[in-house]
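J.: just need the structure, nothing else, for what follows:
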Amino acid sequence: MGLFDQAYKPAFGSQFSASMPDPFASMTGWGAPSAPSSSLVPQIAPFGSATQVAPSAANLVPAGTIDLGNLPGTGNNWLKDIGFLSSKSKDGIETQGWGGPALGVLGAGLNAFMGMKQYSLAKDTLEENKRQYAQNYDAQRQTTNSALEDRQRARVASNSGAYQSVGDYMDKNRIR
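T.: Numbers count the residues shown, from 1 in each chain. As a prediction, this is how the structure comes out:
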């Protein structure tokens, strides 16, 4: 049994149950509100108009009766009227417009531009990785050569006749 499957029972006793509407009655599933009971929408003047008013009960009109004119994106098919995406002849035959191919060419151009940017970024990244690798290799080489030289100096100091000189040892074993 889910959270919203039970009827609402007030926590303060039964004296409120007769006057309070059930707050969960209009909810379905996990509390999704049902569709509004009114189909009225506010009638608002166009942006920048001197007659703009705040929405109120006095200026509500039934939904679907608002005339927005021939504004782009208002559902009046102005793109079809100019033949951008498609057009319909008097016989009812619909033909493709020039907009689809134009958008395809524009998309291909933008993809090529972004590809060139990504290629340039990849080249820069490779050069930086090479620089960092060379820097790291030089630091490790110097550390290893210093450790080899110090160890050979300690050997020679303990018994100078038994070991090769430090210079000869380093010429033979140095990391280049």
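J.: tally of neighbours for K130?
T.: When counting by other Cβ atoms under 10 Å, one arrives at 10 neighbours for K130. Where C-beta positions appear, they are placed from N, C-alpha and C, glycine not excepted.
J.: likewise for the one 10 residues further on?
T.: By the other Cβ under 10 Å criterion, the neighbourhood of Q140 contains 11 residues.
J.: tell me which element it falls in.
T.: In the assignment (DSSP states H and E), Q140 maps to helix 99-158.
J.: please name every helix or strand in contact with that helix.
T.: The contact analysis (3 or more Cβ pairs under 8 Å, 6 or more residues apart in numbering; DSSP states H and E) places helix 99-158 against helix 166-173.
J.: pull out the buried positions in the helix it packs on.
T.: For helix 166-173, the neighbour count (16 or more other Cβ atoms under 10 Å) marks V166, Y169 as buried.
J.: also compute the angle for it relative to helix 99-158, please.
T.: 140 degrees (axes from the mean of the first three to the mean of the last three Cα atoms, to 10 degrees).
J.: output the contacting helices and strands for helix 166-173.
T.: So helix 166-173, by 3+ Cβ pairs under 8 Å, 6+ apart, packs with helix 99-158.
J.: need phi/psi at S89.
T.: Main-chain dihedrals, S89, degrees, to the nearest 10: phi -80, psi 180.
J.: not counting its neighbours along the chain, what's nearest it?
T.: Among residues not flanking S89 along the chain, T95 sits closest, at 7.2 Å (Cβ to Cβ, 6 or more residues apart in numbering).
J.: show the pLDDT at that neighbour.
T.: At T95, the pLDDT value in this model is 80.
J.: that one falls within a helix, correct?
T.: No. Using DSSP: H, G, I helix; E, B strand; the rest coil, the assignment for T95 is strand, not a helix.
J.: where does the protein have low pLDDT?
T.: When residues are selected by pLDDT under 70, those of the chain lie in 1-83.
J.: and for Q152, the neighbour number?
T.: 19.
J.: excluding chain neighbours, what is closest to it?
T.: Counting by Cβ to Cβ, 6+ apart, Y169 is the residue found nearest to Q152 once chain neighbours are left out, at 4.5 Å.
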